[in-house]
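# I would like to see how this sequence folds:
(chains A and B)
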Amino acid sequence: KQEVTQIPAALSVPEGENLVLNCSFTDSAIYNLQWFRQDPGKGLTSLLLIQSSQREQTSGRLNASLDKSSGRSTLYIAASQPGDSATYLCAVMDRGSTLGRLYFGRGTQLTVWP
Amino acid sequence: EPEVTQTPSHQVTQMGQEVILRCVPISNHLYFYWYRQILGQKVEFLVSFYNNEISEKSEIFDDQFSVERPDGSNFTLKIRSTKLEDSAMYFCASKQGFPTEYEQFFGPGTRLTVL
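Now for the predicted structure:
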């Protein structure tokens, strides 16, 4: 069964820092990996989707990389802002799924202070 | 921008009662999902639905659960006889096309509290 782990569990940084959030998964046979943002008591906002054939994806200040063979993905956040404070979730769709079931990590709770 | 909507935002019910959670997926999406998140835990998959059929379900999705797309726009999750451990945030999600190539879009969730 696919297991997704995210480290660190929590991160608190001053505004302006560049950040690295890590995600690892146990079964490298995946179709894709998706990064989400979750604000307290809210739904999940999709940030980036990386296909298994891709190495990275970029959206604004966010850059996600994927190393499928080692079962790792990294989310880089450049020049962090207080508005980036949220929980960041990583989810994989593995090849055992027929219709897109996602396996989630517990998330990294990010606090960016001014 | 199109979005997935869910109603109600919060539902409180007594143990043993039936609840129906409602979702309106993005209009041109074809694949639908329910997930749940117990407080402090991971988001967990419940069920996927395509072409008016369940495609995949997890071990959580037992006979107490059912899903339906009654009218081409709504997508519902029914819990027939709620238990205390069903208390969680329930998320609906939808996807536009071929499952491996598109991202899933999530609704804001329904917080279910079972007393």
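
# so what touches whichever strand or helix holds B:Tyr90?
Taking DSSP states H and E as the definition, B:Tyr90 sits inside strand B:88-95. Residues outside strand B:88-95 that contact it (CB atoms under 8 Å, 6 or more residues apart in numbering or on different chains): A:43-44, A:100, B:4, B:6, B:21, B:23, B:25-26, B:29-39, B:43, B:75, B:77, B:102-107, B:109-112. For the C-beta atoms, the positions are set from N, CA and C on the backbone; glycine is no exception.

# average pLDDT for the helix or strand following that strand?
Sequence-wise, the next helix or strand beyond strand B:88-95 is strand B:105-106, with elements assigned using DSSP H and E. The predicted model assigns strand B:105-106 a mean pLDDT of 94.

# out of the contacts of strand B:88-95, which are buried?
Among the contacts of strand B:88-95, the ones that count as buried by 16 or more other CB atoms under 10 Å in any protein chain shown are A:43-44, A:100, B:4, B:6, B:21, B:23, B:25-26, B:29-37, B:43, B:75, B:77, B:102-107, B:109-112.

# need the contact list for A:Tyr103.
With contacts defined as CB under 8 Å, 6+ apart, the neighbours of A:Tyr103 are A:Gln2, A:Glu3, A:Val4, A:Phe25, A:Ala91, A:Val92, A:Met93, A:Asp94, B:Phe45.

# ok, of those, which one's closest to A:Asp84?
A:Ala91 (19.0 Å; CB to CB).

# okay, now that closest one: neighbour count?
As a burial measure, A:Ala91 scores 27 neighbours (other CB atoms under 10 Å in any protein chain shown).

# now swap in A:Ser53 and tell me
By other CB under 10 Å, the burial measure for A:Ser53, its neighbour count, is 9.

# which SS class is it?
When the structure is reduced to helix, strand and coil (DSSP: H, G, I helix; E, B strand; the rest coil), A:Ser53 reads as coil.

# distance of it relative to A:Phe104?
When CB to CB, to the nearest Å is the yardstick, A:Ser53 and A:Phe104 sit 22 Å from each other.

# can you pull the contacts of A:Thr111?
A:Thr111 makes contacts with A:Ala10, A:Leu11, A:Ser12, A:Val13, A:Ser85, as judged by CB under 8 Å, 6+ apart.
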